[in-house]
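Participant: Pasting the sequence and the predicted coordinates here, then a few questions.
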Amino acid sequence: MAFARIAALLKEKMGLDAESIGVATVERVVRERLAARDMTDAQLYWEDVSASEQELQELIEAIVVPETWFFRDPAAFGALVRVVHEEWLPRHPQGTLRILSLPCSTGEEPYTMAMALLDSGFPPQRFHIDAIDISLRAIAYARRGTYGKNSFRSSDLAFRDRHFEPLTRGFRLSAAVRRQVQFRHGNLLASGWLHGAHGYHMIFCRNVLIYFDRPTQDRALEVLGRLLTDAGLLFVGPSESGLLLDHGYVSGGMPLAFAFRHPAATVRVAKRVRKTPPAVVPARAKEKLKEETILAPPSHWIDEARRLADQGNLIAALECCELNLAKQPATAEGLHLAGMLHDAAGHISQAAVHYRKALYLDPRHHEALVHLAVALTKEGDSSGARRLFNRANRKSEAGR
């Protein structure tokens, strides 16, 4: 009974649905806190954590496991730069671009935004990034600006040479990037949180809504909708796209970016990629695609598929993946990308097949674990989804 009450408290305070990560995971973390407090009675701990903001924060710190790196899902940052230069800047010859990263975790996401904009030539005095997280430890880590190898997982690390100073252990981010981001402790679901705040042109809130139940998702989107300008973009995780469409958001037409325009937007938008049917590429175009992509090294065709998707050509991107996966040894990265493309097109069953194949090749592929878990949830396999969420959570903790 005490564990159920503690799980309910976590849901009330931070929105976490214990089922999303597994009730056993919550119980394990609570037992760790019991040991740290030299306590054995879960009921006494429930009374303590209910009355102490300090202990509640310690419990939250223990339950939150950061899992992020620089330029994670690069298409989102490419879309951010394009929209800023092609849409926002012409409409705002003066003024400041305001961006929100929530949750910002240990800082890799908001710092990536800053690096992408600076590298594009956007004036540093013209943009400001607010980065907010419920974890005080994550905020403190982000403010230090020093990162180890786990934060550099992208294939292209040229940004590290431009913006980081090598240390004996790790890399120190330049002051020019750090000054663009302001970190704050905050809770999306707290009563009166950021009351009166509004006017963010871009909001990144990725891969957090999947850990909420539907009523909590509705509450979170109500807050995000208030914070976003009418012409703004909300970036979410691939498995959260359907939720945004259900709430009246409109796809920005940038596959793999998973960017959505505010329901109040009046700008013309592309058709929703979620409605894209499995289409047939004309034979001549298919033959040309075969000639250009088949038997290319995996890194080449994966980059090409991403490029096609970024241009809005989801069908060609899927063809690029499928043709190459059929003709040469598959990689976990390529299979995961194919799964994401099917996910973006609304082909949940096909996406799940590719996520499973990716996990067969790399059982520790965190994003494939999470995306497959969400796909199983959509297909009604809640027990299978819970097992995968538990695996993903254990992997994240091991990488701490």
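Facilitator: Looks like it came in fine.
Participant: domain ranges for the protein?
Facilitator: For the chain, automatic domain parsing gives the domain ranges 2-63, 74-273, 283-398.
Participant: For the longest one, give the mean pLDDT please.
Facilitator: When you say that, I think you mean domain 74-273. The pLDDT scores in domain 74-273 average 88.
Participant: do stretch 334-350 as well
Facilitator: Rounded mean pLDDT across stretch 334-350 is 83.
Participant: Could you check stretch 165-175 and say which residues are buried?
Facilitator: Residues 171, 173-174 are the ones in stretch 165-175 that count as buried (16 or more other CB atoms under 10 Å). C-betas here are computed from N, CA, C, even on glycine.
Participant: With stretch 38-48 instead?
Facilitator: Using 16+ other CB under 10 Å as the test for burial, stretch 38-48 gives 42, 45-46, 48.
Participant: just those residues now: which is nearest Arg153?
Facilitator: Of all the buried residues of stretch 38-48, Tyr45 has the smallest distance to Arg153: 36.7 Å, by CB to CB.
Participant: Report the two of the buried residues of stretch 38-48 separated the most.
Facilitator: Ala42 and Asp48 (10.4 Å).
Participant: host element of Ala131?
Facilitator: According to DSSP states H and E, Ala131 maps onto strand 127-133.
Participant: Export only the CA atoms of that strand, formatted as CSV.
Facilitator: Output in CSV follows, covering the C-alpha atoms of strand 127-133 (Å, rounded to 0.1, in the frame of the first residue of the first chain):
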residue,chain,number,x,y,z
PHE,A,127,18.4,34.5,-29.6
HIS,A,128,17.9,33.3,-26.1
ILE,A,129,17.3,29.7,-24.8
ASP,A,130,15.6,28.8,-21.5
ALA,A,131,16.5,25.4,-20.3
ILE,A,132,14.3,23.9,-17.5
ASP,A,133,14.4,20.6,-15.7
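Participant: from the chain's centre, how far out does that strand sit?
Facilitator: Offset of strand 127-133 from its chain centre (CA atoms, centre = their mean, to the nearest Å): 16 Å.
Participant: just the strands in the protein please.
Facilitator: Remark: strands assigned in the chain by DSSP state E are 97-101, 127-133, 146-147, 164-166, 171-173, 181-185, 200-204, 228-235, 250-251, 259-261.
Participant: between the first one and strand 228-235, how big is the angle?
Facilitator: Right, strand 97-101. 50 degrees (axes from the mean of the first three to the mean of the last three CA atoms, to 10 degrees).
Participant: who's the nearest residue to Ile203 once chain neighbours are set aside bridged to?
Facilitator: For Ile203, ignoring the flanking residues on the chain, the nearest one in space by CB to CB, 6 or more residues apart in numbering is Leu100 at 4.6 Å. As for beta bridges, Leu100 partners with Asp130, Ile203 under DSSP bridges.
Participant: Neighbours of Leu100, how many?
Facilitator: 26 (other CB atoms under 10 Å).
Participant: Output the buried residues of stretch 38-48 in CSV; the columns should cover distance to Ala368 and pLDDT.
Facilitator: Formatted as CSV, those follow (distance: CB to CB, whole Å; pLDDT from 0 to 100):
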residue, distance to Ala368, pLDDT
Ala42, 35, 87
Tyr45, 35, 89
Trp46, 36, 88
Asp48, 39, 91
